[in-house]
Every structure is written in C-alpha cells, then in structure tokens.
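> predicted model and sequence follow; I will ask about them next.
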Number of protein chains: 2
Amino acid sequence: MEYRERLIVKPGSSVKLADIDPGFHGRHETHEKATPELEETLAKIAPLQELLYAEKKHALLVVLQGIDAAGKDGVCWHVIRAMNPQGTTVTGFKQPTAEERAHDFLWRVHKHVPGLGQAAVFNRSHYEDVLVVRVHNLAPKKVWETRYDAINEFERQLSESGVTILKFFLYISKEEQLKRFKVRLDDPARHWKISDSDYSERELWGDYTKAYEAMLERCSTSHAPWYVLPSNHKWFRNLAASQIILETLQNMKLKAPKPSVDIDVIRQKYLKAAEDG
Amino acid sequence: MEYRERLIVKPGSSVKLADIDPGFHGRHETHEKATPELEETLAKIAPLQELLYAEKKHALLVVLQGIDAAGKDGVCWHVIRAMNPQGTTVTGFKQPTAEERAHDFLWRVHKHVPGLGQAAVFNRSHYEDVLVVRVHNLAPKKVWETRYDAINEFERQLSESGVTILKFFLYISKEEQLKRFKVRLDDPARHWKISDSDYSERELWGDYTKAYEAMLERCSTSHAPWYVLPSNHKWFRNLAASQIILETLQNMKLKAPKPSVDIDVIRQKYLKAAEDG
C-alpha cells in the first residue's frame, strides 16, 4: 500500500518532472517478482467493486493521462480488466466532434461521469483542454487559463455528489517513448497504430512537460488528487495503479446494503415453494 | 466448436423448452475438466476483439435473456470479462424510467447499440417488451404482438450496418432456480439481492415459458439467431457462451487495418529521432 502515499502530488506543491524518475520501481525488482502481488491486488478489487455496485452510495472515476505510448491502453487492459464489465465503463476521448466543439469543454466528459454504484475510466479526458489545446494554441491563453479553476470546481462538485476521483499521470521518459515506437515499427501487426503525428508531437516534448506540470500543480486537490505513476516499467505502472485503486475502494468502507425484504417472510415463501416443487 | 451448431434455434423451427435439458453439459463431465478449455477459449477472444477494435468494420452485440437467477450477471463476469473493457460496454435494462416509457420500446436500447469496432452486451434487452410486458399484461396484446416483427426488422437493419448479433437465452429448470434462491437465503452477504417478486414471478413460470418459446420461435433469424444455453451448470453455460462468441469472431475474418502512414517515411523519422536522442 506504500505507493499511494509516495506517488500522490500533494495539493499546492510544485512539480518538476525532471526530478521524478520514470524508471522508478520501488521495492520491486523485476516483473516476475512483482506479478504475484499484482494478481493478489487485482483479485481484491473485484469483491469491493461488487459492494460499490450493490451499495450505490459511491462512484469511482479514474482519469488517465500521459503522452503517446505512455500506457493508457495498457492500464485499461491489465488493471481495469479486474473489474466487472457490468458496472464499469471506459471512455476514450479523441479529437472532439463538431457537436462536442459546439459545447463547453466539460460537456462531453460530464455525460460519461459514473453514477452511484458505477466505476468509470477516462482514457484522456477534460485535461486535454489544458494540454494539447495549450501546446498547439487551439484556444487563446485567456481561454485555457480559466479552465484549471473550472476543472477544480467541476471535480469538487462531482466529489460532493459521491464520486471518488483518481487521476493517474503515466510518466515515461523520452527515450522510453522512442523504444516503444520502435517496437511498433518492428512489428507489422502493429503498423496500424502508428500515426503521422507521433514524431512531430515528440518535438513538442518540452512544451508538453510544462503543460503537464501546470496541470499537476494546479489541479491536484484534496478531493481529486493527481498521482504521477513512473511508467517506464509497465509492470510497475500496473502494480502502482492497482494498489491505489484498491486502497481507495478500501477507504470507502463499502457495505452490502440491508435487504429490501423481510428475510423471515422470504424463508416462509421458500419453504412453501420447496414443498410445491 | 460443437455447441454453436448444437444450441442454435434454427430459424423457423418450433421450440418446446420441455424437450430441452437445462442440465445438458455435452461431452464435458465436470467443472474441473472443462476449466482448461474455457480458459483457452477466453484467451483466444481477446486478440480477436483487438482486431475488431482496430479494423472498425464490424461490431458485436450479445443479448442476454433468462429468468431470475439464470446467470445473466454470471456470463458478464466470467465470459465478457475476457474482453478489453475499452471497447466493450455492458448495459443492464431495468424497469423503464419515465423518459424511456415516453418513447417507443426500441428507443432506449438503440442508444446502446455498439458502433463499428465495439462490442456491447445487453443484460436484458428489448425482449423484455415481449416477455415481462406480455406475462404481466403491461401492454395490450395487439401492441406486443406487433413487436416481434419490429424487433426482427430492427435487428436486420443493425446487422446490415455491420453489427453481428448473438442472442443467448439462459435456460435453467424451476428446481435449479429454487436452489439458487436458497443459496442467497443462506448467505447474509447476499440478502440484498433478494427481491420480493422472486417468488411471485415463479408462480408465472408457465406463462414465462410460453413467452420465451414465442420469442425463440419468432425472433431467431439468420441475421440474429437465438441460442438456448442449458444453464443449470454454470460452467457449461460459460463454456458454451465463450465458444459461440469465439467462433463468431473467427468467422468475421478480422484483419488489422493497413497502416495510415508510409512506413519507410516513419522509419526515417525514427532514425532521426534516435540520432537526436
């Protein structure tokens, strides 16, 4: 349970990504040695999610951000998969459609916020509106500047309605990204994943770093903290993410709801049904 | 792969549930002996679903129907879980809301139909409108009578738009249902699952049987066949469902899409990036 405390961005603190090691893997030495702990952690998530679903007093929202190839899809596959697909939604936010652009930037994400009893994952999110939008000047500074406060208010309002928000920034090094691009290039079955913008976006690495730092500094709040997950090692990223999700569910003190029926009455009905055959 | 052929309701055939053994478990003798085959089948589903997602030429819709405790939730947990949560949605259809009731009966399900590249599961579905509605006279006969044709047309239209539809009727015996009710009764942690209507609905078993038979006879079509999954044995139900899903995905002849970029150009960009460090 140590990584939650260790990887959180303390509200109000300043963030220098250069001071964080994306290759960090804690006390775990290798993928092989970490696997049993990952499996154990994942296995504990499922029954808690069932209680979340039953009790309908809490909701869980997991936000994933990170540069291309940082592993957002990998977290969906290796971690979120531990959850029951019934009661869990994963929404990927791509370039906004014409209809989405015709609305305020929170409109399209608001629709996918989990209801009580539900878990939801945002693969990219409203944070794109202070990341790609900022880096590429897709909106003037005076527009995106106001969004940090708007996001904090939006998330506070959600959290007051019972939504627990976890935000994971998957942090890889520039070298690690290039290695992952190479893997795609070397495997024809993955060629379809290659996008023309992969390399041009890399040239904006410094600008993205600044935008990520601003996002982490200005939007890590007590009600919706950011976690920086060192993600050069996919297995560590998965382990850290699953630990934080598990501990968050444990802290909810979830309980099965009281029966909606009188169990003694039901027992009589059962006995009668058993007699009738 | 034998169960697909064996469990399909041939379009135009008549169905007598009394002639089908809900305890059927094929050539598989026990849960333990069937488990490796289930695991193997599930493991083959994931990479095909990735191709479905990548290619975006097909969609998969799995409809689950069955009486209370037949195992609809169990299929979601044990079978659908093999799929990537990103690209898969599970929608449970409960009693319609006021807004849903103010629309035609297909309105609320249409919204959740999978787009190309997506898989969707309906836990209960538009078929409730020829099941519970028929059994409880929630609409006059002249209304629900027209719905079989409406459903067939709706599903044909979906299938012509690239959606492959699999409909699973989970078939348990009346005795098996009672056994499962007993398990809930004996385990306080499951008491919240008990509903007052469990036993009153049982008294309508004969009416439900008729409604299921009509649904299977009138709505098993070549473009959207029904399968009757003998479900007294949960493990057999899971095995049969996963086999049918796997074979359906295999028949789609899914292929990774061609790269959207010139790979030689990308290779040059990679080499330059590697030099630049």
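On my side now, so go ahead.
> give the contact list for residue A:170.
Applying C-beta atoms under 8 Å, 6 or more residues apart in numbering or on different chains to residue A:170 gives the contacts A:64-66, A:70-72, A:75, A:229, A:231, A:237. Any C-beta I mention is one placed from the backbone N, CA and C, and that applies to glycine too.
> not counting sequence-adjacent ones, nearest residue to it?
Counting by C-beta to C-beta, 6 or more residues apart in numbering or on different chains, residue A:170 lies nearest to residue A:66, which is 3.3 Å off, once chain neighbours are set aside.
> top helix in chain A by residue count?
Using DSSP state H, we find that the single longest helix of chain A is helix A:31-55.
> what about residue A:13, neighbour count?
Applying other C-beta atoms under 10 Å in any protein chain shown, we find 10 residues neighbouring residue A:13.
> so what touches stretch A:15-29?
With C-beta under 8 Å, 6+ apart, stretch A:15-29 has contacts from A:2-3, A:6, A:9, A:34, A:37, A:171-173, A:176, A:209, A:212-213, A:216-217, A:228, A:230-233, A:235-236, A:239-240.
> at 7 Å what do you get?
A:3, A:9, A:34, A:171-173, A:176, A:209, A:212-213, A:216-217, A:228, A:230-233, A:236, A:239 (C-beta atoms under 7 Å, 6 or more residues apart in numbering or on different chains).
> which parts of it count as buried, going by neighbours?
Across stretch A:15-29, burial judged by 16 or more other C-beta atoms under 10 Å in any protein chain shown covers A:15, A:17, A:22, A:24-26, A:28.
> hmm, which two among those are most spread apart?
A:15 and A:28 (23.9 Å; C-beta to C-beta).
> one step back: sort out for me which of the contacts of residue A:170 are in helices.
Using DSSP H, the members of the contacts of residue A:170 that fall within helices are A:72, A:75, A:237.
> if I pick the second one, what's in contact with it?
By that I understand residue A:75. Neighbouring residues of residue A:75 by C-beta under 7 Å, 6+ apart: A:64, A:237-238, A:241.
> measure it to residue B:27 for me?
Distance from residue A:75 to residue B:27, counting by C-beta to C-beta, to the nearest Å: 39 Å.
> and if you look at residue A:143?
65 Å.
> same deal with residue A:135?
According to C-beta to C-beta, residue A:135 and residue B:27 sit 59 Å apart.
> do the same with residue A:243
For residue A:243, the distance to residue B:27 equals 43 Å [C-beta to C-beta].
> would you reformat the ones in helices among the contacts of residue A:170 as JSON lines and include pLDDT?
Conversion of the ones in helices among the contacts of residue A:170 to JSON lines gives the following (pLDDT from 0 to 100):
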{"residue": "A:72", "pLDDT": "97"}
{"residue": "A:75", "pLDDT": "97"}
{"residue": "A:237", "pLDDT": "98"}
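> so where is the stretch 101-250 of chain A shaky, pLDDT-wise?
For the stretch 101-250 of chain A, no stretch has pLDDT under 70.
> and the helices in it, which stretches?
Taking DSSP state H, counting those that start in this stretch, the helices of the stretch 101-250 of chain A run over residues A:107-110, A:132-135, A:141-145, A:147-160, A:174-186, A:197-202, A:205-219, A:234-251.
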